[in-house]
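**Student:** Provided below are the primary sequence and the corresponding predicted coordinates.
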Number of protein chains: 2
Amino acid sequence: MEGSIQQFIERYLSVSFLVNKRGAALMKCELDDVTHDQYYVLRYIHKRGMCTSTELADVFAVNKSAITAMTNRLVEKGMIERGKDGDDRRVISLTLTEKGKMWLIETEQKVYELVQTMMTKLSYEEIELFIQTYEKLAKILQEMEEKK
Amino acid sequence: MEGSIQQFIERYLSVSFLVNKRGAALMKCELDDVTHDQYYVLRYIHKRGMCTSTELADVFAVNKSAITAMTNRLVEKGMIERGKDGDDRRVISLTLTEKGKMWLIETEQKVYELVQTMMTKLSYEEIELFIQTYEKLAKILQEMEEKK
DNA sequence: TTAAATAGTTAAACAATTGAACTATTTCGA
DNA sequence: TCGAAATAGTTCAATTGTTTAACTATTTAA
């Protein structure tokens, strides 16, 4: 039993790193001059409608200054814009520009096709179970992080 | 049915990115002055006993010059060493130094504990199925890459 | 035997990241 | 209510990972 857990850990470490590296490499082909990380930031902002630097830094588990740098690049590319709103004048809201929305919708299409070709090699049930467990892991990781 | 696949893709994209970012952030705490990527390179070399730049570049899906840069840093840190061996004098073999081995063994311990705390929140069967599917995905990705 | 292929390096450029110091604004407790 | 502490975001310098193109050295093969 103990030995098996060890093996699980070993297998998990190997496979998770590989799938991510290779997945990112494949996705990059569909992303024009936007990077992999930038794509996820655009996705997140779009899903939320708008958000703040602090929220992005929390969600992606990086420093706020990393977010400033990334959003600078996205603003330069015309994908997002900064705006002041709300009563708190310290807060800066980030939203997609029209160009950003257009780009995202187009790109989501391509990325979806990519993920779909990958997924359709598995059964419906297998995907369902896999994602469910993955989501549990996300929750567990978040709790572990909060404990620190 | 179509709608569900769309949702799977959406959920997969969100959760895979998050688990990786957060997982990497947690792991980083255990890695002293070695980075997350460097850790995986050390792991890989250790598992294989020795390997070459070209092999690393293939496995991690990056350019060979990226590997040169990384191995330079690992050599500077005294973790690995370059050696000539074999008949082909173009090939440079990469192996862990004693210090590198020591460090890896110590660190694997800590990382294993981390992954273990994560995994023990799931049932044995769930982990088994999850990793099996993950490994299938790795294989599928590799095939997709080769097709290009 | 020479042309093509392969293994690896170098250099310039860019993206992501951290940490510390900073500005501007808000919150809160005495 | 006032002043100190907290919060939101930026700036700057440094490190790391990455790509691309040009390069050296060696091997393979026509």
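**Tutor:** Received, thanks. Numbering: from 1, shown residues only, chains lettered A, B, ... in the order given.

**Student:** could you use CA atoms for every contact and neighbour count after this?
**Tutor:** Fine.

**Student:** ok, the residue nearest to the spatial centre of chain A - contacts?
**Tutor:** Nearest to the geometric centre of chain A sits A:Tyr40, at 3.9 Å (C-alpha atoms, centre = their mean). Contact analysis of A:Tyr40 by C-alpha atoms under 8 Å, 6 or more residues apart in numbering or on different chains lists B:Phe17.

**Student:** where does it sit, in terms of helix or strand?
**Tutor:** Element membership of A:Tyr40, judged by DSSP states H and E, is helix A:36-48.

**Student:** just checking: what are the partner strands of the helix or strand that that helix is followed by?
**Tutor:** Per DSSP H and E, the first helix or strand lying C-terminal to helix A:36-48 is strand A:51-52. If you go by DSSP bridges, strand A:51-52 pairs up with strand A:92-96 (antiparallel).

**Student:** how about the partner strand and DNA strand D, touching?
**Tutor:** Yes: applying C-alpha under 7 Å from any atom of the strand, one finds strand A:92-96 touching DNA strand D at A:Ile92, A:Ser93.

**Student:** can you list contacts of that strand?
**Tutor:** By C-alpha under 8 Å, 6+ apart, strand A:92-96 touches A:42, A:45-46, A:49-53, A:79-85.

**Student:** who's the closest spatial neighbour of A:Glu145, skipping the chain neighbours?
**Tutor:** Using C-alpha to C-alpha, 6 or more residues apart in numbering or on different chains and skipping the chain neighbours, the partner closest in space to A:Glu145 is B:Leu26 (7.1 Å).

**Student:** distance check, that neighbour against A:Glu126.
**Tutor:** Using C-alpha to C-alpha, to the nearest Å, B:Leu26 is found at 28 Å from A:Glu126.

**Student:** pLDDT weak spots in chain A?
**Tutor:** Of all residues in chain A, those with pLDDT under 70 make up the ranges A:1-3, A:148.

**Student:** what packs against the longest helix anywhere in it?
**Tutor:** For chain A, the longest helix by residue count, based on DSSP state H, is helix A:2-28. When contacts are defined as 3 or more C-alpha pairs under 8 Å, 6 or more residues apart in numbering or on different chains; DSSP states H and E, helix A:2-28 sits against helix A:36-48, helix B:53-60, helix B:98-119, helix B:124-147.
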